[in-house]
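> Test case, fold it:
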Amino acid sequence: MIFVVNLLTATSALAQPAVSSFSPVSGHVGTSVIITGTNFNVVAANNIVFFGAVKGIVTSGNATSLTVTVPAGATYKPISVLNNVTGLTGYSSKPFIITFANTAGIPANLYNLKATFPVLTSPRPAAIIDVDGDGKPDLVVLDRNADKISILRNTSTSGTIDASSFAAKVDFTSGSFGYYLALCDVDGDGKPDIVVATNQFISVLRNTSVSGVINAASFAAKVDFASGFTGPNFMSIADLDGDGKPELINSNDNGKVSVWRNVSSPGVIDISSFAAKVDFTVGGTPVSVTVGDVDGDGKPDMVFPDATLGANKISILRNITIANSISFAARVDFATGSTPRSVAIGDVDGDGKPDLVVANSEPASTTVSVLRNTTTSGIIDASSFAAKVDFTTGLSPFDVTLADLDGDGKLDLAVANQFSNSISLLRNTATPGSITASSFAGKVDFGTGTNTHPLSIEIGDLDGDGLPEIVTANSSTSSVSVLQINLSALPVTITNVKAYSKNSRVQVEWLSQQESNIDRYEVERSENGQDFLKVGTVLAKGNSGITLQYNFFDPNPLNDVSFYRIKVIEHDHGTYSQILKVTTINSSINTLIIYPNPIQDNAISLKINLPQGSYHISLTNKQGQQILSKVIAHAKGTSTESLKLPNALAAGVCQLRLAGENIIITRQLVSK
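Here you go, the predicted structure:
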């Protein structure tokens with residue numbers, strides 16, 4: 001049997017971006033990643049690149065290559081590239097893995113329960129994503145019984161998670177008996193929208209937020225699309241037909257998976273934004289649907305667990321879409337543990353093929369099943385996955401996700417245990433091409449609170465310190481728990497970090513204690529404490545049991561305030577230290593002066609005092625729209641650049657950004 005959705009609408013004349021590869025495939029926050037593909041915007045600043053929850057910093061690029069800095073808050077999700085002119089998006093087939101410095105593995109004291117935030121009753125999933133575009137990932141929680149979506153805006157400071165780290169929740173109407181939500185930019189305007197599976201409807205809420213603000217006006221009223229089913233279970237969003245617009249995918253208790261094809265225009269979500277749904281009969285009880293390119297042919301396939309009593313299996317629909325039709329081959333089944341509910345897709349053994357991890361949620365179950373991928377491109381059959389290998393978790397594992405939790409570049413398992421009131425972390429010890437009973441270390445459990453009954457788990461760096469937090473939605477206590485890494489559990493590598501003005505320049509110093517296996521230290525600098533660029537490298541002095549002194553001299557500090565941090569790079573797997581930030585004042589160098597400000601006669605002049613080089617100047621309005629882009633060649637010393645601005649420049653505050661090698665400077669401008 002083959003499932004087909006005929007597409008009667010005309011194919012867009014605009015070519016959608018396509019991501020073919022990226023390098024490196026893993027790294028710390030601040031890593032420079034080269035993304036290769038086609039149909040990127042030729043102006044680097046006209047590309048919006050998300051590393052999961054947060055936008056990266058595009059430093060250079062052309063139609064086939066972008067260089068992007070991994071942002072704090074990045075999560076293990078596919079990289080997306082939006083051409084901000086066409087409104088079309090391309091996605092990587094696999095996610096970027098975020099690493100950090102940790103040679104201690106996953107000890108029993110690695111995580112502490114740091115804060116619990118109240119939401120409404122019976123929260124289901126808790127998603128991590130930067131809703132308002134301020135560079136910090138917020139929390140989005142669906143309330144199943146109150147028919148609401150709660151958003152908690154991130155107000156954290158680096159290294160701190162406490163009761164003040166998130167603002168009071170703001171609620172939005174979701175529709176009756178919401179079961180699951182997903183977030184994705186469905187209309188191509190660069191902002192993540194909310195999609196909710198509710199009773200008989202799929203509801204879409206368009207993101208209208210402005211940076212730094214989440215209030216009742218941050219999302220437009222929901223737009224409903226009829227599902228026709230009383231028990232929609234799960235939402236997923238993916239570009240199934242490769243046209244640059246992601247489809248809505250919903251599984252339900254009636255043995256069907258439904259697809260709504262995306263025909264939206266940038267900045268608009270209304271009843272015409274999605275074509276009529278098409279149902280695929282798959283049988284059983286598909287309680288969730290996870291999308292990923294399982295067979296490596298470049299097309300996202302669908303994986304769903306069957307929760308029918310005694311079925312104990314997952315099914316895969318292979319995507320065979322051609323030209324103007326969304327098509328799937330007949331399902332192929334694979335055995336799991338009892339009552340599978342959640343599936344995570346990721347290359348567990350490092351052989352280049354995405355494996356499947358299944359949470360077996362039966363009340364007495366204490367296992368997750370891992371199925372090793374043995375596919376060949378373009379084929380999914382009964383031999384495409386090896387027999388399951390089970391690993392012990394807590395009681396009734398309800399949700400599973402993947403992330404690097406020990407900094408070695410391998411995907412570890414994180415599981416929410418419904419009846420143990422805990423999460424289980426399983427450290428990856430696999431070797432390429434093999435998944436056996438020894439491929440994961442024994443579970444390490446961390447409590448989520450008394451009688452919390454966690455039903456979902458998400459992982460991401462919430463406080464911008466380069467280390468992953470863990471978030472659970474607790475069904476019985478109407479709350480969300482945040483667990484933070486205990487810094488005392490990580491090996492200390494550098495101390496006494498200092499930065500100070502010296503002859504109108506900056507001296508950076510630090511001590512290394514018990515130096516072992518260190519290759520070099522990288523010094524990074526930022527103007528705003530978030531966007532860091534490498535400015536120098538200091539080689540390690542070699543393994544030593546004594547305290548060693550290091551220093552670095554920065555001859556070109558930024559104006560007034562600079563932030564510095566040191567990263568430690570080891571020989572074997574290239575992990576880095578936690579982010580260390582220091583501040584220096586340097587008022588003697590006026591790097592960028594803009595006048596007049598407020599703007600007059602739609603023109604400004606820039607007095608630039610920077611090293612010789614090429615610099616990209618962009619101007620963005622308060623809605624996040626780029627209204628000017630120009631590349632200049634600056635000679636060493638001071639020069640003045642005059643810019644004519646668009647006549648239609650609206651009143652308000654704009655941001656001017658000047659970017660060059662190792663330099664990013666932003667300034668606020670007022671237009672009257």
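> can you give me the strands in the stretch 201-350 of the chain?
Here the stretch 201-350 of the chain has its strands, by DSSP state E, counting those that start in this stretch, at 201-205, 223-226, 232-238, 247-252, 256-260, 278-281, 290-292, 301-306, 313-317, 325-329, 332-335, 340-346.
> Kindly report the same for the stretch 351-500 of the chain.
Listed in chain order, the strands of the stretch 351-500 of the chain (DSSP E, counting those that start in this stretch) span 355-360, 367-371, 389-392, 397-403, 412-417, 422-426, 444-447, 454-460, 469-474, 479-485, 494-502.
> In a markdown table: the ones you listed, plus mean neighbour count.
C-beta here means a position set from N, CA and C on the backbone, and glycine is covered the same way. Formatted as a markdown table, these follow (neighbours: other Cβ atoms under 10 Å):
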| stretch | mean neighbour count |
| --- | --- |
| strand 355-360 | 26 |
| strand 367-371 | 25 |
| strand 389-392 | 17 |
| strand 397-403 | 25 |
| strand 412-417 | 27 |
| strand 422-426 | 25 |
| strand 444-447 | 18 |
| strand 454-460 | 26 |
| strand 469-474 | 27 |
| strand 479-485 | 24 |
| strand 494-502 | 15 |
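> any chance of the ones you listed in TSV, with mean pLDDT and distance to Pro596 too?
Shown next, in TSV, are these (pLDDT from 0 to 100; distance: least, Cβ to Cβ, whole Å):
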stretch	mean pLDDT	distance to Pro596
strand 355-360	98	58
strand 367-371	98	62
strand 389-392	98	65
strand 397-403	97	49
strand 412-417	98	53
strand 422-426	98	55
strand 444-447	96	56
strand 454-460	96	42
strand 469-474	96	44
strand 479-485	94	46
strand 494-502	70	30
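> worst-scoring helix or strand of the protein, pLDDT-wise?
Lowest by mean pLDDT, DSSP states H and E among the helices and strands of the chain is strand 582-586, with a mean of 42.
> following it, which helix or strand comes up?
Downstream of strand 582-586, the first helix or strand assigned by DSSP states H and E is strand 592-600.
> Mind listing residues that contact that following strand?
With contact meaning Cβ atoms under 8 Å, 6 or more residues apart in numbering, strand 592-600 is reached by 559, 604-610, 645, 649, 656, 658, 665, 667, 669-672.
> Can you give me the buried ones in it?
Within strand 592-600, the residues scored as buried using 16 or more other Cβ atoms under 10 Å are Leu592, Ile594, Ile599.
> Just to be sure, which of the contacts of strand 592-600 are found in strands?
Judged by DSSP state E, the subset of the contacts of strand 592-600 located in strands is 604-610, 656, 658, 665, 667, 669-671.
> Show me which of the residues you listed is closest to Pro454.
The shortest gap between Pro454 and any of these belongs to Ile665, at 43.5 Å (Cβ to Cβ).
> List the contacts of the closest residue to the closest one other than its chain neighbours.
Nearest residue to Ile665 in three dimensions, chain neighbours excluded: Leu658, at 4.7 Å (Cβ to Cβ, 6 or more residues apart in numbering). Counting by Cβ under 8 Å, 6+ apart, Leu658 touches Leu592, Leu606, Ile608, Tyr615, His616, Ile617, Ile664, Ile665, Thr666, Arg667.
> Provide a PyMOL selection command restricted to the buried entries of those.
In PyMOL, a selection of the buried entries from the contacts of Leu658 looks like this (16+ other Cβ under 10 Å):
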select buried, resi 592+606+608+615+616+617+664+665+667
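> Save the contacts of Leu658 as JSON lines, and put in distance to Ser209 too.
Formatted as JSON lines, the contacts of Leu658 follow (distance: Cβ to Cβ, whole Å):
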{"residue": "Leu592", "distance to Ser209": "29"}
{"residue": "Leu606", "distance to Ser209": "30"}
{"residue": "Ile608", "distance to Ser209": "33"}
{"residue": "Tyr615", "distance to Ser209": "30"}
{"residue": "His616", "distance to Ser209": "26"}
{"residue": "Ile617", "distance to Ser209": "26"}
{"residue": "Ile664", "distance to Ser209": "23"}
{"residue": "Ile665", "distance to Ser209": "25"}
{"residue": "Thr666", "distance to Ser209": "20"}
{"residue": "Arg667", "distance to Ser209": "23"}
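> nearest to Ala386, of the contacts of Leu658?
Ranked by distance to Ala386 (Cβ to Cβ), these are led by Ile664 at 46.9 Å.
> Now Ala44, what are its backbone angles?
The phi and psi values for Ala44, taken as degrees, to the nearest 10, are phi -50, psi -40.
> returning to what we had before: now list the buried members of the contacts of strand 592-600.
559, 604, 606, 608, 610, 645, 649, 656, 658, 665, 667, 669, 671.
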